[in-house]
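*Asks:* need coordinates for the following:
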Amino acid sequence: MEDWISIGYLLSAALFIFGLKKLGHPRTAPFGNQLGAMGMLVAVVTTVVSMQLAGNAQWELIIAGLVVGSLIGYWMAVKVEMTGMPELVAMFNGFGGAASALVALSEIQKYISNADLVPDGLELTVTMIAAGLSALVGWMTLTGSLLAMYKLKGGIEVFGKWIRTPTWGPSWLNPVKVLLLLSVFVMIFLSIEEPTNQNYLWGIIGVSCLLGIVLVLPIGGADMPVVVSLLNSLSGIAAAFTGFIIGNSVLIIAGSLVGASGLILTFIMCKAMNRTLLDVLFKSFGGDGEKQALTRTKVGSDPDEVAMMLDGAQKVIIVPGYGMAVSQCQHAVKEFADLMKEKFDTEIKYAIHPVAGRMPGHMNVLLAEANVPYEQLIEMDEINSEFPECDVALVIGANDTTNPAARSGEGPLAGMPIIDADAARTVVIIKRSLSVGYAGVDNDLFYMDKTMMLFGDGKAMMTGLNTAVKEI
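*Replies:* Predicted structure coming up:
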């Protein structure tokens, strides 16, 4: 029967790997999710069967956990809006890390309550190091993810009063982060010498929770997609450490897959912003954090003017950004694309910047929810060459990701790859004001002669533009 247990874990690992592969493209991503869910189901069933064979299965707790977890998962899936997906992902990252840390904690509690179970030599060293690292990563991921969730949400409501989540990171906070991390390593080393001393364990948990807060506290705005991706990776790493402690191969494999893929995505996001991971964690985006003062003005247009200009346009590239997510205007954007196709037979494409929005793939998720065809979603590197032949570039709430200042080689945006919207024949920008982006740099694209500004809420402006196009 043990061979069948191994085969079950092998099948589960294979489903995880193939599911992860399918997640690489929006069209195959739903099937990849299904494969991953099936892999988890196989892993759970295999684990329960192995527990039953060992005589350790407590069916009341197992059934209760399955029922409660399934109901919570179903309720969240039905309730959450697509615009709330970043917050939900951040919360799930935290719960994943906490779950791994709790499993590791339960194993170490066995040693504390029964000194006869404490292993000797290398086994003790490996177990305590894995338990300490699982606690460090797991609890740090929990508190960091919860703070990231409230940052993405914009704040928290307490007794009916809305409190904004602060973004605070003085220079002296960086040495504190290093000291907290070093103190955890010291306590892990001490726990090897005294494995039954639970003070070290609680110390690791407390410091790790604090470390998660101080790491995420200074981060906001454009860096949040990187942080969400990193926290996702950390939740996988915590699971892998826990797998070593309890000797579960599928947990090691699944955790390693999540950890490795999350780190790769994190570095891709950093590259897209021309920043290093250390800069994200220890520096503010834009150096000293000062924002340029606006010294120029631009006369705004109205939807009727833009609609007249769009009459007969052969090719329009839509550039979605954070403003589209905030105003939740993805359905209005899809309606606009359908109107242009129906009235003028216009070719419509969407230019997707890697860090647009508040989490990796945020624009893809929002547009997919509005039933935008996958083949129209084009990554930045592939679509930039098409802007010179584009009649209109419609920019919705994107700022830093379209700022030509990135090509100057100077300032906080220097070297950051951008979408070449300024190469289009005409540019239409929907934005509330001329305010600078998160990098604090004024955008020259706003003031070009060929740029038309629609000042206002994204959803209101898109609705007005759709109405004007219909009346042509």
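*Asks:* tell me where the stretch 151-300 of the chain has strands.
*Replies:* For the stretch 151-300 of the chain, the strands defined by DSSP state E, counting those that start in this stretch occupy 155-158, 161-164.
*Asks:* rounded mean pLDDT for the first one, please.
*Replies:* Which is strand 155-158. For strand 155-158, mean pLDDT rounds to 70.
*Asks:* cool, stretch 436-445 as well?
*Replies:* For stretch 436-445, mean pLDDT rounds to 82.
*Asks:* Thr458 contacts Gly323, correct?
*Replies:* Quick fix: residue 458 reads Gly, not Thr. Yes: contact criterion Cβ atoms under 8 Å: Gly458 and Gly323 qualify, at 5.0 Å. C-beta coordinates here come from the backbone N, C-alpha and C atoms, glycine included.
*Asks:* more neighbours: which of those two?
*Replies:* When Gly458 and Gly323 are compared for neighbours, Gly458 comes out ahead with 26 against 22, by other Cβ atoms under 10 Å.
*Asks:* in this structure, which helix is the longest?
*Replies:* Longest helix of the chain, by residue count under DSSP state H: helix 121-153.
*Asks:* what helices or strands is it leaning on?
*Replies:* Secondary-structure packing of helix 121-153 (3 or more Cβ pairs under 8 Å, 6 or more residues apart in numbering; DSSP states H and E): helix 85-113, helix 173-193, helix 198-216, helix 224-246.
*Asks:* Ser327: which of those helices is closest?
*Replies:* The closest of these to Ser327 is helix 85-113. By Cβ to Cβ, the value is 15.2 Å.
*Asks:* now the angle from the closest one to helix 224-246?
*Replies:* 30 degrees (axes from the mean of the first three to the mean of the last three Cα atoms, to 10 degrees).
*Asks:* mean confidence for helix 85-113?
*Replies:* Per-region confidence: helix 85-113 scores 86 on mean pLDDT.
*Asks:* quick one: Leu377 and Gly361 touch, right?
*Replies:* No: applying Cβ under 8 Å, one finds Leu377 not in contact with Gly361, separated by 10.0 Å.
*Asks:* from the helices and strands packed on helix 121-153, which stretch is densest packed?
*Replies:* Stretch with highest mean neighbour count among those: helix 224-246 (a mean of 26; mean count of other Cβ atoms under 10 Å).
*Asks:* okay, the angle between that helix and helix 121-153?
*Replies:* Going by the same axes, to 10 degrees, helix 224-246 makes 150 degrees with helix 121-153.
*Asks:* which elements pack onto helix 224-246?
*Replies:* helix 85-113, helix 121-153, helix 249-272, helix 277-282.
*Asks:* the second one: how far from the chain's middle?
*Replies:* Helix 121-153 has its average C-alpha position 18 Å from the chain's average C-alpha position, going by Cα atoms, centre = their mean, to the nearest Å.
*Asks:* return the set of buried residues in it.
*Replies:* 124, 127-153 (16 or more other Cβ atoms under 10 Å).
*Asks:* and if you look at stretch 337-356?
*Replies:* Neighbour-count burial for stretch 337-356 flags 337, 339-340, 344, 346-356 (criterion: 16+ other Cβ under 10 Å).
*Asks:* just checking, which of these belong to helices?
*Replies:* Ala337, Leu339, Met340, Phe344.
*Asks:* nearest spatial neighbour of the first one, skipping sequence neighbours?
*Replies:* The one in question is Ala337. Ile348 (4.4 Å; Cβ to Cβ, 6 or more residues apart in numbering).
*Asks:* got CSV for the ones in helices among the buried residues of stretch 337-356, with distance to Ala37 and pLDDT too?
*Replies:* Output for these, formatted as CSV (distance: Cβ to Cβ, whole Å; pLDDT from 0 to 100):
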residue, distance to Ala37, pLDDT
Ala337, 32, 96
Leu339, 37, 95
Met340, 38, 96
Phe344, 43, 92
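*Asks:* between the residues you listed, which is nearest Ala468?
*Replies:* Looking across these and measuring by Cβ to Cβ, the closest to Ala468 is Leu339, at 10.0 Å.
*Asks:* and for the residue lying closest to that closest one once chain neighbours are set aside, the neighbour number?
*Replies:* In space, Leu339 comes closest to Val469 once its chain neighbours are excluded; the distance is 5.0 Å by Cβ to Cβ, 6+ apart. If you count neighbours by other Cβ under 10 Å, Val469 ends up with 22.
*Asks:* surely Val469 meets Phe336?
*Replies:* Yes: if you go by Cβ under 8 Å, Val469 and Phe336 touch, sitting 7.0 Å apart.
*Asks:* confirm that Ile429 sits in a helix.
*Replies:* No: Ile429 is assigned strand when assessed by DSSP: H, G, I helix; E, B strand; the rest coil, not a helix.
*Asks:* where in the stretch 201-350 of the chain is pLDDT low?
*Replies:* Scanning the stretch 201-350 of the chain for pLDDT under 70 picks out the ranges 220-222, 283-295.
*Asks:* got a list of what Tyr350 touches?
*Replies:* Taking Cβ atoms under 8 Å, 6 or more residues apart in numbering, we find Tyr350 in contact with Ile317, Ile318, Val319, Pro320, Met363, Leu367, Val372, Gln376, Leu377, Ile378.
*Asks:* rerun that using 10 Å as the cut-off
*Replies:* Each residue near Tyr350 by Cβ atoms under 10 Å, 6 or more residues apart in numbering is listed here: 316-320, 333, 337, 363-364, 367, 372-373, 376-378, 383, 394.
*Asks:* among those residues, which ones are in strands?
*Replies:* Val316, Ile317, Ile318, Val319, Pro320, Leu377, Ile378, Leu394 (DSSP state E).
*Asks:* closest to Ile264 out of those?
*Replies:* Comparing the ones in strands among the contacts of Tyr350 against Ile264 with Cβ to Cβ places Leu377 closest, at 20.7 Å.
*Asks:* list the contacts for that closest one?
*Replies:* 26-27, 318, 320, 349-352, 363-364, 367-368, 383 are the contacts of Leu377 under Cβ under 10 Å, 6+ apart.
*Asks:* show me how to select, in PyMOL, the buried members of the contacts of Tyr350.
*Replies:* PyMOL command restricting the contacts of Tyr350 to the buried ones, with burial defined by 16+ other Cβ under 10 Å:
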select buried, resi 316+317+318+319+320+333+337+363+364+367+372+377+383+394
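*Asks:* picking up where we left off before, including distance to Leu66, could the helices and strands packed on helix 121-153 go into CSV?
*Replies:* As requested, the helices and strands packed on helix 121-153 are exported to CSV (distance: least, Cβ to Cβ, whole Å):
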stretch, distance to Leu66
helix 85-113, 14
helix 173-193, 33
helix 198-216, 27
helix 224-246, 19
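*Asks:* quick one: closest of those to Tyr9.
*Replies:* With Cβ to Cβ as the criterion, Tyr9 lies closest to helix 224-246 of these, at 10.8 Å.
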